[in-house]
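K.L.:
Structure for the following, please:
(chains A, B, C and D)
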Amino acid sequence: MSEPLLRIADLHLAMRSFDGEAHVLNGIELTVRAGEIWGVVGETGCGKSLTGLSVSRLVPSPPARYLSGQILLEGRDLLRATEAEMRALRGRRVGMIFQDPTTNLNPLFSIGTQLIDVALHAARHSPDILDDAPRGRRRRAARALAVRMLEKVGIRDAAVRIDDYPHQFSGGMRQRVLIAMALIGRPRLLVADEPTTALDVSVQAQILQLIYDLVRERGLGVMFITHNLAVVAELCSHVAVMYAGNVVESGDVRAVLKSPAHPYTRALLAAVPVAGTRRGSLAGLPGTVPSLIDPPPGCRFASRCASAGPDCLGGKPPMVPLGETHQAACLRLTSGAG
Amino acid sequence: MLRIENVGKTFGGARLFGRGKAVTALSDVTLHVPRGQSVGLVGESGSGKTTLARCVLLLDRVTSGRILFDGTDLSRLTRREMQAMRARIQIVFQDPYASLNPRMTVRDTVAEPMEIHRHRLKLRAGGRTDRVVELLERVGLAAQHLYRFPHEFSGGQRQRIGIARALASAPELLVLDEPTSALDVSVQAQILTLLTDLQAQLGLTTLFISHDLAVVRYICDRVAFLHHGRVTEEGTTEEVFTAPRSDYARALLAAMPNPDPDRSFLARG
Amino acid sequence: MLVFIVRRVLLLIPVMVGLTLLVFAITRLLPGDPARLAAGPNASPEQIQQIAREFGLDRSLPAQYWAYATGLLRGDWGMSIYSRRPVLQDLEAYLPATLELVLAAMGLAVALGIPLGLLAAAQRNRWPDMLTSVVSLGAISMPRFFLGLLFQLCFAMALGWLPLGGRFPLGEDLPARVSGLLTIDALLAGDLHAFGVALQYLTLPAVAMSLSPLATIVRMMRASTIEVLHQDYVTTERALGLSRRLILLKYVLKNAVSATLTVIGLYFGWLLGGTVLVETVFDWPGIGLYATSAVLTQDFMPIVGVTLCIGTLFVVGNLLIDIAIAQLNPRARLR
Amino acid sequence: MSASLPRRRSGLRRGFYRFRQSVLSMAGLAVVMVLLLVAVCGPWIAPYPQDLSGAVHTAIRFQPPGPAHWFGTNELGQDVFSLVLAGTRISLLSGIAVVAIGSAVGVLIGAVAGFFGGLIDDGLMRLVDLVLTIPSLILAMAVAAALGPGIVNMIAAIALSWWPGYARLVRAEVMAKKNEAFVVASTAAGAGVVRLLWRHILPNVLSPVIVKMSLDVGFAVLTVASLGFIGIGVRPPAAEWGTLLAVARGNIPDYWWTAIFPGLAIFLAVFAFNLLGDGLRDLLDPKARR
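P.N.:
As a prediction, the model looks like this:
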C-alpha cells in the first residue's frame, strides 16, 4: 500500500462561542491515499466542513483552537507549519472547491485574472507547472495554462471566454471554472466541500463526471464532503460517516453502504427513500444532536441510539475493525463481524 | 379536484420608465390533481414549478388557460369568493427559517388563518387556542410550545409548525413547495412520515413540488415533469419512473444519483 | 461602456427638469408671496407688482413653470437685490472658488479615507482600528463651522501659520484666469509663488471641509472591506494560496471601493452642503458665501440660484461616481 | 454550518452584552440622558435665568470663565453657561421633531412604495430621488428662506429634506420582506394589506429604522445648529447653539469662550447620539454585527 497522501490523526478542535467552548471535532481519524475518493458524509453541524477546512488550515483561530492531533500531508504535520509554509502548500498541494459557484468567484475580475494569479502563485514554488518559463514569460505561460485548464474542464472557446466575468457564466460553468482554479496548481489532494449541492440534478451529474474523470486522469486523492449519501455512492471509493465531531464508521464504500455496522449509519441509510421504499416505511431518527458544549461522556450517539446501554456512556467507543478497511466505533460490535 | 388547463404565464411588461422584457414562465401546462391523491411536480430551477404553485395559490394570475378547483374557475373569482377559496388551498414552504414570522408566537402564527377566516370557521378566540393545541399535537408538537417564538425551534420543528398553520383553515388542497429540501435526511424522513400520516388521516389532496426525484417517487401517486415551462411527462409514479417516455424525463432519471454503489452511473461508465 | 455613459448623460435631462420643478415649487408653491420674496424686504409696493408681472403670477402654474424654465435656459436666473446684478453673472464669478474647495476637500477625503479604511479593516479590533473608529465618529459629529473656527483660532491666530480667511491676498496679482481655480491657473501660468500662496489660503478651509467626509469614507471603507473579507470568494482565494497582500490590495480593494463609491455618492451632498458653512467661516468667495450673505440681506433669488446650482453639482458628481462604479464593476454597466 | 437553532436569541443577548461592554455606547447613552434632562429643565437649573429673557449687564461684559460664570460672559454680559443650558432644549427638541416628522412621513411613503410596487413605487421613488438631489442643508436653507424665520418653519424646512432617507430605507426593507415566505404564507391564507403590513412586515423592518433615527437625531441637531449659524431659523434672544456661535464669531480670539462652549455643546450632543446609534446598530442590526 502506498504512503498516504493525507492522514488526519486524533484531531481535536474546540470552537469558542458566546455560550461557551464547543468541542466540535472529537478525535477525527481519516487517511486518504492517491487515487482514493473519500466521501465525508454527515448531517448539519457534524464537523465535516471544519475537517475539510482544517486540511488547508483555513479555520479562523480564534475562535477555533486545535487541542491535539495531527494533520499529515505527505508526511508533514500541517498543525506545526507556519502560515508562510501553509501558503506554499495551498493550491499547489491541496486544491479546494466549495459549495456555491456564484459566490466563490470574485465578481469584479475576469476568470482569467483569477486563474492566472493562482497559477503564478503555484509556479513560484514549483516552476515546472509553467514549464520553467523565465520570469518575463511567466504571465503569458500562466495564461496559456489557464486556457488549457478551462478546455480540460469543458469550457468551450476557452481562449475567448477566459476574459469573461463570472456573471457571464451559468452556475454549472462557474463550478467548472472553480474546479479549473483548484487544479491549475497541480495539487495531489482535492478537498471538495458540497460542490454539487447548489446545482440542479442534471448539472450535478455532469460535475460529478468531470471530477471523476479528472481524478482518474491525475491520480488525485479526494476528500468529498457532502450530506448526500446517493452522491457518495455514485462517486466515492471510500466513505467516512461523521456524527457530532466523530468519524463513527469508515471504509470501502460498498462495505459501508451495503453492510452498515454503526447504528447511526444504519439510521441514515434507513432515512433515505430509494426505489421500492414502501410509503410509511421510512424511519426518521428520534431526538437531536447533543450540545457540543459540555457533551455527554462516552458515545455521542448514545442519546438517540436504540441499542445503547449504560456502558455506552463510559468513554469514547474505540474503532472496531470489521474488514480490510471497514471499521466502526460502537461497543456493540465485535471485531471481524460485518 | 384541481384541473390545470392549458395554463400560460408571462412576466414583464410596461413600467412608468422603460420597458421590462417579457419572460414566459409557463406555456400550455395541463395537469390534473385527483381528490385524495398526491401529485408530484418535478423540475429543475427555472422550470416554472414555483410560478405554477403561485398561480394555484391565487398569488399570481395566469396569462392564458384556466385553473379549475372543484369545478370553479380560479381566475373568475370575485374578491369575496377568492377570500373563501384561500381557506381551501394552503401551502407549506421550503425554508423553515424564513417561513415563520420571527416576531409572532407559535399560537399566533397557527391561529392566524382561523382569525382571517373566523366567519367561515365559526371559532371563538378561546376555541381557536384549543384548536391550535389540537393541530400542534397532530403534527407532533405539544401545548407547551404555544407561546414560544420560532427561533426556539429546530428546522424540523419549524416545518411542523408550518404544516400546522397550513392545516388551520381545514384546507382541501395542500401545496407542498420543496418542504424537505432544506432539512437533513433524518429530519426529512420524519417530515415525510408526518405528511403521509396526515394524508391518510385527513384525506388531503396534495401537490408536491420538488427537485428530489427519490422523495417524489416515495410520496406521490402521480408525477409530472416540468421543463422550461412545459409539462414533458405525466403519469402514475410507477409508469414514469420505470418507463419514462420523454427524453427529458429519461435524462433526469439517469442523472439522479443512486444510493446503491453497485448502480452508480460513473461505474456504469 | 460608451453606451452606458451616453445613456446616463441622456438620463440627466429628466433629472434636471425635475430639479427645476422642485426649485420652482419652493419659490412659488410654499406659503408666502413669491413676488415679495424676490423683491426683497425694502421693496415698494410698485416694485413688488412689477416683479409679480414679470413672474406672471396671474397665469396658470404650468404656464408659470414654462416661463420660468425657458427663462433659466436663456440665462434669466433673476436679479440679486443686494449686488444689483443678474444672479447667473454672480454665480459664474463665485462658482470656480467653490469648485476648487469642493474638489480639494473631496480629493483629500478620498485619497486618505480609502487607505485608512482598508488599514483599519485589516487591523480589525486591534487598537489602531478602535482608535480610527472613535476618532472618525468624533470627526463626523464635529460641526464644520465650529471646526473651522477652531482651525482659525489655532493655526491662523495663535500660531500664525496660515491665513485667517479669504482666497488670495488683496493687492497681489492673480494668475491669468483659465479655469478659475487659482491653484490650477497658477500652475498653468508657471507661477509657483502664486501657487504656494493660493495653496496656503486653500489649506484650512479644505481640511475643515474634508474632515467629516473623510471620516465617513473611512467608516464606509472599513465596513465594506470587512464585509468583502467575509465573502466566499476570499476564502477560495486564500484556499488556493494567494497571499494576504495580493488578496487585500487587489481582490478585496476593488470590491470594497466599488461598494464605498455608492455610499460616497450619497454623502457627496453632505459635502456640498458643507461649503455654505465653511465658506462663511473662512470668507471664501464661493457660492456658499454668496448664499449666506443673501440670507442676511433677505435677498431671495441668489438663494434659489445657489440651490439650483448645488443641485446640478450634486447630479453631475453622482453621474461621475456612477461612471467610476461602472468602470470597476462590469455588472453595473448593464443597469 | 454550525447548528443555527438558537441564533437569533443568543444574537440579541450577545448584542446586549456587547452594548453594555462597549464603554462608548454606554457613555453615549449617559450623555443623551443628561442632555434630555437638561432639555426638560434647563431654564430652571440655569444659574442666571434672567439672562435668558434678554437681560443685559454691560458692567460684566466678556468675563472669562470663573467660579461665578463657569463658561464666562458674552458681549452683553450674559452668562454663557445659562445660554448653553437653555439652548439644549431648542436644539434637542427641534432635532427630535425633525426626525419624528421625517421618519413618520418616510416610513409611510416607503412602506406604500415598497408594498404596492409598480407605478406607485416608480412615482414615489422618482420624487425621493428628486428631493435627494438637493443636499438637505441647502434645501432647508432655501425652504426656510422662503417660509421666513421661526422655529416651526425651520423644523418644517429640515423635515422636508429628511423624509426621503427613511422612504428609501423602508422601501428596500419592505420589498425584501414582502417576498419572505412567512409573508407569502399569510397572503395565501387570505390576509389583507393592513394585516400584512402591520403584523408581518413593519415589525420586522423596525430595527434599521430605529438605528437610523438615533443616528439622525444627532445630524438633525447639527443641521439645526448649521441653519442657526447661517442666520436662518431661531433669532436671538432665544438661545440656540448655532446662533450663539454665529454671534460669538466676532469675539474670537480674545473672547474665545463665547464661541468654544456652544460649539462644544453641539459636538457633544451630536457625538453622543452617534455613539448611541452605533451601539444600537450593533444591538439590532445583525448585518452590521461583525
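K.L.:
Quick check: the most centrally placed residue in chain C vs residue A:258, distance?
P.N.:
With distances taken as Cα atoms, centre = their mean, residue C:272 lies nearest the centre of chain C, 2.8 Å away. Distance of residue C:272 to residue A:258, given as Cβ to Cβ, to the nearest Å: 73 Å. No exception for glycine: its C-beta is placed from N, CA and C like everyone else's.
K.L.:
Equivalent analysis for residue C:90, please.
P.N.:
From residue C:90 to residue A:258 the distance is 90 Å (Cβ to Cβ).
K.L.:
quick one, which of these two is more surrounded?
P.N.:
residue C:90 (22 against 14; other Cβ atoms under 10 Å in any protein chain shown).
K.L.:
ok, the helix or strand harbouring that one near chain A or not?
P.N.:
For residue C:90, the host element (DSSP states H and E) is helix C:87-122. No. Applying Cβ under 8 Å from any Cβ of the partner chain, one finds helix C:87-122 separated from chain A by no less than 14.6 Å.
K.L.:
And the pLDDT for residue 96?
P.N.:
As the question left the chain open, I've gone with chain A. At residue A:96, the model reports a pLDDT of 95.
K.L.:
meant chain C, my bad for not saying
P.N.:
Confidence score, pLDDT, at residue C:96: 90.
K.L.:
for chain B, longest helix please?
P.N.:
helix B:185-202 (DSSP state H).
K.L.:
Report the mean per-residue pLDDT for that helix.
P.N.:
91.
K.L.:
Could you give the number of residues near residue 62?
P.N.:
Going with chain A. With other Cβ under 10 Å as criterion, residue A:62 counts 7.
K.L.:
Not quite, go with chain D.
P.N.:
Neighbours of residue D:62 (other Cβ under 10 Å): 15.
K.L.:
Report pLDDT for the residue nearest to it when sequence neighbours are not counted.
P.N.:
In space, and not counting its chain neighbours, residue D:62 is closest to residue D:255: 4.8 Å by Cβ to Cβ, 6 or more residues apart in numbering or on different chains. Listed pLDDT for residue D:255 reads 78.
K.L.:
What is the longest helix of chain B packed up against?
P.N.:
Packed against helix B:185-202, as judged by 3 or more Cβ pairs under 8 Å, 6 or more residues apart in numbering or on different chains; DSSP states H and E, are the following elements: helix A:263-271, helix B:155-167, helix B:213-219.
K.L.:
does chain D sit close to the second one?
P.N.:
Right, the one you point to is helix B:155-167. Yes. For helix B:155-167, a contact with chain D is found by Cβ under 8 Å from any Cβ, at B:155, B:162, B:165, B:166.
K.L.:
Skipping its backbone neighbours, what lies nearest the residue of the stretch 201-338 of chain A at minimum distance from chain D in space?
P.N.:
Closest residue of the stretch 201-338 of chain A to chain D, Cβ to the nearest Cβ: residue A:289 (7.0 Å). Using Cβ to Cβ, 6+ apart and skipping the chain neighbours, the partner closest in space to residue A:289 is residue A:244 (5.4 Å).
K.L.:
Residue A:125 against residue A:92, yeah?
P.N.:
Yes. Residue A:125 lies in contact with residue A:92 (Cβ atoms under 8 Å); the separation is 5.7 Å.
K.L.:
follow-up on the earlier one: the helix or strand just after the helix holding residue C:90 to helix C:87-122, inter-axis angle?
P.N.:
Per DSSP H and E, the first helix or strand lying C-terminal to helix C:87-122 is helix C:127-141. Going by axes from the mean of the first three to the mean of the last three Cα atoms, to 10 degrees, helix C:127-141 is angled at 160 degrees with respect to helix C:87-122.
K.L.:
CA atoms only for the helix or strand just after helix C:127-141, dumped as PDB, please.
P.N.:
Using DSSP H and E, the helix or strand that follows helix C:127-141 in sequence is helix C:144-151. Provided in PDB are the C-alpha atoms of helix C:144-151 (Å, rounded to 0.1, in the frame of the first residue of the first chain):
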ATOM      1  CA  ARG C 144     -17.800  72.000  10.300                       C
ATOM      2  CA  PHE C 145     -18.300  75.700  11.100                       C
ATOM      3  CA  PHE C 146     -17.000  75.100  14.700                       C
ATOM      4  CA  LEU C 147     -14.100  73.100  13.400                       C
ATOM      5  CA  GLY C 148     -13.300  76.000  11.000                       C
ATOM      6  CA  LEU C 149     -13.400  78.400  13.900                       C
ATOM      7  CA  LEU C 150     -11.100  76.200  15.900                       C
ATOM      8  CA  PHE C 151      -8.700  76.000  13.000                       C
END
